[in-house]
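Colleague: fold the following and give me the result.
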Amino acid sequence: MAKITRVEALMVDLQPKVKRTDAIQSFVSQETPIIRIYDADGVVGTGYTYTIGTGGPSIMELIRRTLGPALIGRESLEIERIWRDLYFLTHATTVGAITSLALAAIDTALWDLKCRRHGEPLHRMAGGAQARVPLYTTEGGWLHIDTPALVDDALQAKAKGFGGSKIKVGRPHVSEDVARLQAVREAVGPAFEIMTDANQRFTIDEAIRRARCLTPLDIAWFEEPLTADDINGHVRLSQSTTIPIAVGESLYSHLHFREYLERGGCSIVQVDVARIGGITPWLKVAHLAECFNVPVCPHFLMELHVSLCAAVPNARWVEYIPQIDSLTTEVMKIEDGHAIPSDEPGLGIAWDVQAIAKATVPGSDFTLT
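Modeller: Now for the predicted structure:
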C-alpha cells in the first residue's frame, strides 16, 4: 500500500443545458467540487460531489480545513477505515448534507484510486453483478413543460429504447397532473413505464388523494411525495396505495434507509452516491435494500451510478440526466436504451483536465500536502 501525499481540490459551476423545474424549485446551477488524491506511488484518484444551486463553497471549506488534512499520510486503500474516521471526525455536523457531500468527494476519489491501482473498473471492483442497466429519462418531464412536449419527449425516449420517462407532478390541482400523465400514457401504451416525482411537495392527506387519482394510470412509482424526514407519513401512504413509493435522494445517512426499510415506508430506494457520503455507504444501502427485496434506482449522477448499478444485483434503473458532459472527453455509453458501464480502470468517467481547469471557479482551488 501507498500513503496519501497530496490532495488537490477545486470547484466548477455547471449550468443546466435545459430549463429544469419541479414542484419546489428551479435548477439554475450545479456547484461541483472535484478532488484529486495522490499516493506515494504516483497513483491518482479523482472524485466529485455536487449541490443544486448553492452550498459548494461550504463543502470546499470543510475539505480544506478538516477532511483534507486528515487524509495526508493515510493508507489510500483503507477506504472503509478512512470513511469511518472522517465520519467521526465531523461527528458534530453529521448527519448533515454538507458533511455527507464532502465525504462523497473524498470517498469517490479513493475508490477511483483503488480501481486504477488494480487496473479494474469500478463496476467489477464493487461487485460485477450486471453488464448493463435499463435507462429512463427525466430531461423531458419537468413541471413547466406543456403536455404536447411531454408526449413528444416520451415517444422519442421510447423510440430510442428507453424503458420509461419521469414526469414531474405538483401542479396546483391533481386534475392537471392526471391530464398530463393520461396524455403520455395514451401515447406510449401500457408497457412503457411512467415514473412520477413530487419533490417533497405534498402533505400526507394530499399525497394519499393524489396517489388514489394516479392509480388507474399504472405509474411505476410515486417519488418523494412527502418531506424526506416524515417516515410516519411515508408508512401511512405506503399502506394506503398499491403504487410503489420511492425515497432516498434527500436522505444523508445509511441509517435512515434502514428505518425506512424496516418500517415499510418505501418500496423503491433512490440512494444518491453524493448525498449519502460516497461509494462506501452507497453499497451498504444497496445491499441492505437487497436484503429487503427492494430495488435500487439511484437519483441523478448517471455517469457514476451506471457503474454502481452494474455492481449490484438489485439495481433496476439508471436515471438519464446528463450534466458533466462539458467536463469529460467521453459520454456515458448507451446501447438499446441501456447504460453500459465503462471497462476502463477507475470510476468510468473520462475527465477532461483542460475543460475542468477552464471552468474552475476563480479562487476555489487549493492543494494540501
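Colleague: quick one, helices of the stretch 101-250 of the chain?
Modeller: All helices of the stretch 101-250 of the chain, identified by DSSP state H, counting those that start in this stretch, fall at 122-125, 147-159, 174-188, 204-214, 231-240.
Colleague: could you dump those helices to JSON lines with mean neighbour count, distance to residue 14 and mean pLDDT?
Modeller: In this view, the C-beta of every residue, glycine as well, is placed from N, C-alpha and C. What follows is those, written out as JSON lines (neighbours: other C-beta atoms under 10 Å; distance: least, C-beta to C-beta, whole Å; pLDDT from 0 to 100):
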{"stretch": "helix 122-125", "mean neighbour count": "22", "distance to residue 14": "22", "mean pLDDT": "98"}
{"stretch": "helix 147-159", "mean neighbour count": "17", "distance to residue 14": "22", "mean pLDDT": "98"}
{"stretch": "helix 174-188", "mean neighbour count": "17", "distance to residue 14": "28", "mean pLDDT": "98"}
{"stretch": "helix 204-214", "mean neighbour count": "18", "distance to residue 14": "32", "mean pLDDT": "98"}
{"stretch": "helix 231-240", "mean neighbour count": "18", "distance to residue 14": "31", "mean pLDDT": "98"}
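Colleague: would you list these in CSV and tack on distance to residue 90?
Modeller: CSV is the format used below for those (distance: least, C-beta to C-beta, whole Å):
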stretch, distance to residue 90
helix 122-125, 25
helix 147-159, 41
helix 174-188, 40
helix 204-214, 33
helix 231-240, 24
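Colleague: wait, what's in contact with the residue lying closest to residue 330 once chain neighbours are set aside?
Modeller: Leaving aside its chain neighbours, residue 330 sits nearest to residue 350 (4.1 Å; criterion: C-beta to C-beta, 6 or more residues apart in numbering). Taking C-beta atoms under 8 Å, 6 or more residues apart in numbering as the criterion, residue 350 is in contact with 328-330, 342, 344.
Colleague: who wins for neighbours among the residues you listed?
Modeller: Tallying neighbours with other C-beta atoms under 10 Å puts residue 342 at the head of these, with 20 neighbours.
Colleague: any idea whether the closest residue to that residue other than its chain neighbours is helix, strand or coil?
Modeller: Excluding the flanking residues, the one nearest residue 342 by C-beta to C-beta, 6+ apart is residue 348, at 3.4 Å. Residue 348 carries the three-state label coil when classified by DSSP: H, G, I helix; E, B strand; the rest coil.
Colleague: from here on, call the first residue 14.
Modeller: That works, and once the first residue is 14, the last one we named lands at residue 361.
Colleague: measure residue 361 to residue 250 for me?
Modeller: Separation of residue 361 from residue 250 (C-beta to C-beta, to the nearest Å) stands at 36 Å.
Colleague: where does this structure have its least confident helix or strand?
Modeller: The helix or strand of the chain with the poorest confidence is strand 39-40; it has a mean of 82 (mean pLDDT, DSSP states H and E).
Colleague: what's that one in contact with?
Modeller: Here strand 39-40 makes contact (C-beta under 8 Å, 6+ apart) with 29, 32-34, 65-66.
Colleague: and these, which are buried?
Modeller: Buried members of those, counted by 16 or more other C-beta atoms under 10 Å: 29, 33.
Colleague: rebuild the contacts of strand 39-40 as TSV, extending it with pLDDT and secondary structure.
Modeller: As requested, these are exported to TSV (pLDDT from 0 to 100; DSSP: H, G, I helix; E, B strand; the rest coil):
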residue	pLDDT	secondary structure
29	83	coil
32	84	coil
33	89	strand
34	88	strand
65	89	strand
66	83	coil
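Colleague: closest to residue 198 among the contacts of strand 39-40?
Modeller: Using C-beta to C-beta, residue 34 is the member of the contacts of strand 39-40 that lies nearest residue 198, at 21.9 Å.
Colleague: contacting residues for the closest one?
Modeller: Contacts of residue 34 by C-beta under 8 Å, 6+ apart are 40, 155-157, 181.
Colleague: please redo it, this time with the cut-off set to 10 Å
Modeller: For residue 34, the contact set (C-beta atoms under 10 Å, 6 or more residues apart in numbering) comprises 40, 155-158, 181, 183, 212.
Colleague: and what of residue 47?
Modeller: By C-beta under 10 Å, 6+ apart, the contact set of residue 47 is 21-25, 59-63, 118, 121-122, 337, 340, 364, 369, 372-373, 377-378.
Colleague: mind redoing it with 7 Å?
Modeller: Listed by C-beta atoms under 7 Å, 6 or more residues apart in numbering, the contact partners of residue 47 are 23, 25, 59, 61, 369.
Colleague: with residue 250 instead?
Modeller: Residues in contact with residue 250 (C-beta under 7 Å, 6+ apart) are 217, 220-221, 224, 238-239, 258.
Colleague: just give me how far stretch 58-65 sits from the chain centre.
Modeller: Centroid separation for stretch 58-65 versus its chain: 11 Å, with C-alpha atoms, centre = their mean, to the nearest Å.
Colleague: can you list the buried residues in that stretch?
Modeller: Counting neighbours by 16+ other C-beta under 10 Å, one finds that the buried residues in stretch 58-65 are 58-64.
Colleague: show me which of those residues is closest to residue 162.
Modeller: Residue 162 lies nearest to residue 63 out of the buried residues of stretch 58-65, by C-beta to C-beta, at 26.6 Å.
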